[in-house]
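> Give me a model of this one.
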Amino acid sequence: MLEKLFKMKENGTNIKTEVIAGITTFMTMAYILAVNPTILSASGMDKNAVLLATAIAAFIGTLAMALLANYPFALAPGMGLNAYFAFTVCGAMGYSWQVALMAVFAEGILFIILSLTNVREAIFNAIPFTLKKGVSAGIGLFIAFVGLQGAHLVVNNDSTLVSYVDFAEHIHTQGIAAILALAGLFLTAILYIRKVKGSILIGILVTWILGMLMQAVGVYVPDAEAGFYSLYPAWGLVDLTDLGKTFGQCFTADFSNVSIVNFIVVLLAFLFVDMFDTLGTLIGVADKADMLDKEGKLPRIKQALLADAVATSAGAVLGTSTTTTFVESSSGVAAGGRTGLSSVVTGILFLLAIFFSPVFCAIPGFATAPALIFVGFLMVSAITGVNFDDLSEAVPAYLCMLAMPLMYSISEGIAIGVISYVIINLVSGKAKKITPLMYILAVLFVCKYIFL
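You can find the predicted model right below:
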């Protein structure tokens with residue numbers, strides 16, 4: 001039955017590999033169960049309700065991806081979009097979280113329409129093959145940068161923006177976390193090189209266990225105010241009835257103090273970021289899994305985008321910000337995941353996480369950091385597919401790759417890549433290879449920077 005549904009032999013995989021890949025993806029994404037409620041609670045939403053909504057939305061979205069598209073891509077409420085939701089829409093703009101949820105719901109409905117009418121698929125296919133390689137490599141640098149931050153190896157610095165951690169001064173928190181993350185990274189790399197199955201997952205678990213041992217002997221000292229919590233898993237259940245505090249609340253939004261123009265601006269902001277974050281993630285992860293065809297197209301792209309759109313609207317009804325395809329899916333792909341069975345495993349684990357959320361929330365960022373850093377290395381290798389003899393192709397790919405980690409946004413990287421591709425080729429006398437849709441995308445991105 002599983003073979004008929006997910007076509008594992010056709011995709012060169014098996015049940016064991018898919019299960020390990022699904023668990024690996026979940027482990028690298030589990031942090032969202034702790035982070036999303038914390039961020040959205042700043043808008044006035046109930047933390048437990050958001051946690052439940054986050055887990056259920058991830059389950060629905062990931063299952064939809066598995067059954068509609070048969071891809072090993074997992075979905076959950078996206079980082080960045082949740083911050084925009086809480087701190088910009090509900091904070092700076094002063095709207096209620098119910099209004100913000102309605103904007104997310106409307107965005108999801110619009111996405112469903114765009115997915116069914118081939119608009120999003122056309123955008124995906126319009127991006128040149130070389131630029132797609134730049135997107136993939138850029139995502140590799142981006143998630144590696146996220147991993148370095150999660151490992152506390154890279155920290156804020158007033159003079160240079162970022163720097164490495166002072167191991168000696170913060171030895172009991174950042175220092176030991178960084179050391180353990182490095183140990184986990186080396187272990188993951190060695191196991192992967194030796195072709196050990198589940199090497200990425202083993203790296204996560206071993207790093208976490210080492211952390212608990214360091215806490216037991218007093219080397220790691222929890223400091224909640226600094227964001228360093230106990231590494232021991234706690235036990236307890238979330239009150240399932242709390243979901244009622246956010247479920248369906250998008251339909252109760254009070255628009256008496258909301259102008260239609262401002263609401264459209266909020267909706268378009270969600271729309272732009274979500275669309276190109278999702279497209280970028282699909283390009284990067286699919287390229288790593290060798291799922292793109294010779295023309296750089298992704299089979300069943302319409303189904304994948306439809307699953308993403310359905311997840312966004314479902315998440316809004318449940319009570320969470322935009323649910324989108326997660327770049328951490330690349331960790332499962334690196335572990336061998338090639339079919340929707342991997343996504344089913346990830347989705348089920350998100351559902352089970354409702355009952356064991358304190359355990360999963362105890363997984364520290366420095367334990368999942370080695371996976372992100374190493375997968376970043378695997379993805380950045382896509383840059384070898386760029387033809388550096390043709391600078392009109394190579395420079396936009398380079399700018400796209402560079403922008404993603406430095407601007408901390410996949411969608412911004414794509415925007416820079418598209419704009420630079422059109423301008424460079426147009427001025428260089430190579431306008432013939434620019435498709436009409438690329439011109440439209442470039443203009444839309446420029447308008448976004450001017451008006452949004």
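> For the rest of this, base every contact and every neighbour count on C-alpha atoms.
Will do.
> Quick check: end-to-end length of stretch 26-44?
28 Å (C-alpha to C-alpha, to the nearest Å).
> Now do the buried residues in that stretch.
Residues 26-34, 36-43 are the ones in stretch 26-44 that count as buried (16 or more other C-alpha atoms under 10 Å).
> Out of the residues you listed, name the ones that lie in strands.
Under the assignment DSSP state E, those contribute nothing to strands.
> Just to be sure, which of those residues are found in helices?
26-29, 32-34, 36-40 (DSSP state H).
> And for the helix or strand of the chain with the lowest mean pLDDT, what's in contact with it?
For the chain, counting by mean pLDDT, DSSP states H and E, helix 357-360 ranks last in confidence among helices and strands (a mean of 72). The contact list for helix 357-360, computed with C-alpha atoms under 8 Å, 6 or more residues apart in numbering, reads 30-31, 33, 233-238, 353.
> just how off-centre is it within its chain?
20 Å (C-alpha atoms, centre = their mean, to the nearest Å).
> What of stretch 355-372?
Centroid displacement of stretch 355-372 relative to its chain, using C-alpha atoms, centre = their mean, is 16 Å.
> how long is it from one end to the other?
Termini of stretch 355-372 sit 26 Å apart (C-alpha to C-alpha).
> quick one, phi/psi of residue 161?
Backbone geometry at residue 161, expressed as degrees, to the nearest 10, gives phi 70, psi -50.
> Look through the protein and tell me its longest helix.
helix 260-288.
> Name the next helix or strand downstream of it, please.
helix 301-318 (DSSP states H and E).
> Could you list the residues in contact with the following helix or strand past that next one?
Elements were assigned by DSSP H and E; along the chain past helix 301-318, the next helix or strand is strand 323-325. For strand 323-325, contacts defined as C-alpha under 8 Å, 6+ apart pick out 57-58, 61, 73-78, 274, 278, 281-282, 308-309, 311-312, 315.
> how about residue 46, what does it touch?
Counting by C-alpha under 8 Å, 6+ apart, residue 46 makes contact with 37, 242, 245-246.
> ugh, typo on my part, it should be residue 55
Taking C-alpha under 8 Å, 6+ apart, one finds 33, 76, 350-351, 353-354 in contact with residue 55.
> Quick check: the farthest pair among those?
For the contacts of residue 55, the farthest-apart pair by C-alpha to C-alpha is 76 and 354; their separation is 13.9 Å.
> and these two? which has more neighbours close in?
residue 76 (33 against 22; other C-alpha atoms under 10 Å).
> List phi and psi for the more buried one.
phi -170, psi 170.
> mind listing the strands for this structure?
Remark: strands assigned in the chain by DSSP E are 75-77, 154-157, 161-164, 323-325.
> Those into CSV, with extra columns for mean pLDDT and distance to residue 192?
As requested, the strands of the chain are exported to CSV (pLDDT from 0 to 100; distance: least, C-alpha to C-alpha, whole Å):
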stretch, mean pLDDT, distance to residue 192
strand 75-77, 95, 25
strand 154-157, 88, 24
strand 161-164, 88, 26
strand 323-325, 93, 25
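> Among the ones you listed, which comes closest to residue 447?
Nearest of the strands of the chain (C-alpha to C-alpha): strand 323-325, 23.7 Å.
> Report the separation between the closest residue to residue 371 other than its chain neighbours and residue 34.
Here the nearest residue to residue 371 in space, its sequence neighbours aside, is residue 200; by C-alpha to C-alpha, 6 or more residues apart in numbering that works out to 5.7 Å. Going from residue 200 to residue 34 by C-alpha to C-alpha gives 21 Å.
> what does residue 185 give?
Taken as C-alpha to C-alpha, the span from residue 185 to residue 34 is 23 Å.
> for residue 395, same thing?
39 Å.
> What are the buried residues along stretch 285-304?
By neighbour count on 16+ other C-alpha under 10 Å, the buried set for stretch 285-304 is 285-289, 291-292, 296-298, 301-304.
> And the average pLDDT for it is what?
Here stretch 285-304 scores 86 as its mean pLDDT.
> Could you pull out the helices in the stretch 1-150 of the chain for me?
Secondary structure of the stretch 1-150 of the chain, counting by DSSP state H, counting those that start in this stretch: helices at 2-6, 15-29, 32-40, 47-69, 81-83, 97-116, 119-126, 129-150.
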